[in-house]
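1. predicted model and sequence below, questions to follow.
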Amino acid sequence: MGIVEKIKEIEEEMARTQKNKATEYHLGLLKAKLARYRAQLLEPASKSGPAGVGFDVQKSGDARVALIGFPSVGKSTLLSKCTHTASETAAYEFTTLTAIPGVIEYQGARIQLLDLPGIVEGASQGRGRGRQVVATAKTADLILIMLDATKSEEQRRLLEIELDAVGIRLNKRKPDVVFKRRTTGGITLNTTVKLTKTDEKTIRTILAGYKLHNCDVMIREDITTDEFIDVLIGTRKYIPCLYVYNKIDAISLELVDKLARTEHTVVISCEMDLNLDYLIEQIWESLELVKVYTKKRGARPDLSDPVCLRKGATIEDVCLGIHKSLVSNFRNGLVWGRSSKFSPHAQKVSLNHQLQDEDVVSIFTK
Ligand SMILES: Nc1nc2c(ncn2[C@@H]2O[C@H](COP(=O)(O)OP(=O)(O)OP(=O)(O)O)[C@@H](O)[C@H]2O)c(=O)[nH]1
Ligand SMILES: [K+]
Ligand SMILES: [Mg+2]
């Protein structure tokens, strides 16, 4: 039996099994098995072929944003409007057949916007180019789920299912669980909070299902069974996402208003140029980029050419952004701004110092 059939069999068994206290553990096991098969199906390490390989587009700029959506929702129209790159647009489906990168320039940052082919339901299982598209989504710092406002609400859930199936978790943090494999000593399970969505027995059942007989588990948040499995699998990608409803020129104002009030959502019309500036602002905000200015000794900071970094970036990241050799030759740094302990004065810092937006940095080498 192939993996796809095995997955189908488990899904059918899960659908058949009533959900209650007596079946909880069995369902937990099935879930664990299912997740394992899906991982096999999608990770490139599997021998079954080049699964999980995205489009071969060089990452460039300060961050990558991927456009994911069904055919003809307006992905290419958006790329053509927001960047200097033209991507073919047409009224028929599957106009775009490969990944097309463009660049959004905003607040001194260069953000790569990736136009992708439309996907269909079942994309993650290998239908169409879907698998390649969702694999590319995994490499993004932000995903734009683009939706046609004139079509049913269902499309959003279907896309979420496809991304979930390849291990992408949208707008979620990594669960606060510490997991360590051991070679002996059995299972040590500790929780610092009360578990209301799963329980110890289920957790132990799942560990047994994964043949993990020696490990330390420390659960520090009220997680679900699925989230625990994510921790064990370990290759999940936690990516922020914006839901972008296009073609609002073609729906009622009431509906526009309702959509616009939904969390993580932006409504636009590419054709009528509605709200595109706001979308770019929201992209910038969701990426949580940090801008840092560099300054040479005795000179003023260079405000014209900031270094853009991800939130949580350190002095080491600044060095790497300028030249690799800076790390090995690093002596110390000086930082002015929000991250300086002595602000408004400078603080002397080492490579692991975390920066804040609009800091000014000097690097001194040996
Ligand atoms: N009414 C309306 N139509 C739009 C809007 N934006 C795009 N369209 C139309 O939607 C159709 C599809 O646009 P594309 O940009 O090719 O869509 P796509 O998502 O790239 O499609 P594929 O590459 O085939 O997946 C075209 O006929 C566009 O003119 C909009 O804001 N309003
Ligand atoms: K199209
Ligand atoms: Mg297109």
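-> Happy to help now that I have it. Ligands and ions are numbered 1, 2, ... in the order given.
2. in what helix or strand does residue 85 lie?
-> Using DSSP states H and E, residue 85 sits in no helix or strand.
3. what's near enough to touch it?
-> 79, 100-103 (C-beta atoms under 8 Å, 6 or more residues apart in numbering). All C-beta spots, glycine's among them, are computed from the backbone N, C-alpha and C.
4. and it, how far from residue 76?
-> Distance, residue 85 to residue 76, using C-beta to C-beta, to the nearest Å: 10 Å.
5. residues shared between the contacts of the two?
-> In contact with both residue 85 and residue 76: residue 100, using C-beta under 8 Å, 6+ apart.
6. report the beta-bridge partner residues of whichever residue of the stretch 101-250 of the chain sits closest to ligand 3.
-> Nearest to ligand 3, among the residues of the stretch 101-250 of the chain, is residue 115, at 5.9 Å (C-beta to the ion). In this structure, residue 115 bridges to residue 100 when assessed by DSSP bridges.
7. from the structure, what's the count of residues near it?
-> The local packing of residue 115 (other C-beta atoms under 10 Å) involves 24 other residues.
8. you'd agree it is up against residue 100?
-> Yes. The criterion here is C-beta atoms under 8 Å, and residue 115 meets it with residue 100 at 4.3 Å.
9. who touches both of the two?
-> Both residue 115 and residue 100 are contacted by 76, 79, 87, under the criterion C-beta under 8 Å, 6+ apart.
10. OK, contacts around the residue of the stretch 151-300 of the chain found nearest ligand 3?
-> Of all residues in the stretch 151-300 of the chain, residue 270 sits closest to ligand 3, at 11.4 Å by C-beta to the ion. For residue 270, the contacting residues are 74, 77-78, 81, 246-247, 276, by C-beta under 8 Å, 6+ apart.
11. what sits against residue 162?
-> 119, 121-124, 130, 134.
12. so where's the stretch 1-150 of the chain uncertain?
-> Low-confidence regions of the stretch 1-150 of the chain, defined by pLDDT under 70, span residues 38-52, 126-128.
13. swap in 90 and give it another go.
-> 1-8, 11, 18-62, 88, 90-98, 107-109, 117-132, 135 (pLDDT under 90).
14. picking up where we left off before, so which helix or strand takes in the residue nearest to the residue of the stretch 151-300 of the chain closest to ligand 3 when sequence neighbours are not counted?
-> Spatial nearest neighbour of residue 270, chain neighbours left out: residue 77 (4.2 Å); criterion: C-beta to C-beta, 6 or more residues apart in numbering. Using DSSP H and E, residue 77 sits within helix 75-82.
15. what parts of the chain come near ligand 1?
-> Contact residues (C-beta under 6 Å from any ligand atom) of the chain with ligand 1: 69, 71-77, 89-91, 93-96, 117-118, 246-247, 249-250, 269-271.
16. quick one, strands of the stretch 251-366 of the chain?
-> Under the criterion DSSP state E, counting those that start in this stretch, strands of the stretch 251-366 of the chain are mapped to 265-267, 289-294, 307-310, 330-336, 347-349, 359-365.
17. one step back: filter the residues of the chain next to ligand 1 down to the ones near ligand 2?
-> Filtering the residues of the chain next to ligand 1 for neighbours of ligand 2 using C-beta under 5 Å from the ion leaves 72, 90, 95.
18. where does the second one fall, phi/psi-wise?
-> Yep, that's residue 90 we're talking about. phi -160, psi 170 (degrees, to the nearest 10).
19. residues near it, how many?
-> 11.
20. again with the last one
-> Counted with other C-beta under 10 Å, the neighbours of residue 95 add up to 16.
21. mind listing what the closest residue to ligand 2 within the stretch 101-250 of the chain touches?
-> Among all residues of the stretch 101-250 of the chain, residue 118 sits closest to ligand 2, at 7.1 Å; criterion: C-beta to the ion. Neighbour list for residue 118: 69-73, 75, 93-94, 96 [criterion: C-beta under 8 Å, 6+ apart].
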